[in-house]
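Visitor: Compute the structure for the input listed below.
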Amino acid sequence: MLKTVGFTPGQIAQSVFAGSIALSIAALVIGLPLGLIATRVMFDVLTSSAGIGTGVGAMPGAFMLAWLIPGAIVVAALASALPARRAAEVGVADALRYE
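Guide: Below is the predicted model of the structure:
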């Protein structure tokens, strides 16, 4: 569809690539805090059911969590490279045929 309004193959590939990066950033913003909360709750439930008490499990440190941010973005970029290239190679007629 983007080719019909004048996008070049490079612009289409960049669009797919940027969408993937934006989605991974949104997932980090939402998932990282929720994951930390869930981890804390699960540690407390498991340790209290084992009779140890709450607050025993060690949470990941800030240094470890800091590596998740660029790591997730790199994985998203690598995962979107092939789909972006394929989307850029689709002809206008082929794209319109399935819309």
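
Visitor: Show me the shaky parts of this protein.
Guide: Low-confidence regions of the chain, defined by pLDDT under 70, span residues 1-5, 92-99.

Visitor: same thing but at 80, please
Guide: Applying pLDDT under 80 to the chain flags residues 1-7, 9, 53-58, 87-99.

Visitor: State the distance from the residue nearest the centre of the chain to Met64.
Guide: Nearest to the mean C-alpha position of the chain, by C-alpha atoms, centre = their mean, lies Ser24 at 2.6 Å. Plainly put, Ser24 is 18 Å away from Met64 if you go by C-beta to C-beta, to the nearest Å. The way it works is simple: take the backbone N, C-alpha and C, and place the C-beta from them, glycine included.

Visitor: try Leu46
Guide: Note on Leu46: its distance to Met64, by C-beta to C-beta, is 20 Å.

Visitor: Neighbour count for these two, which is higher?
Guide: More crowded of Leu46 and Met64, by other C-beta atoms under 10 Å: Leu46, with 13 against 9.

Visitor: quick one: the helices in the protein?
Guide: 9-49, 62-89, 92-97 (DSSP state H).
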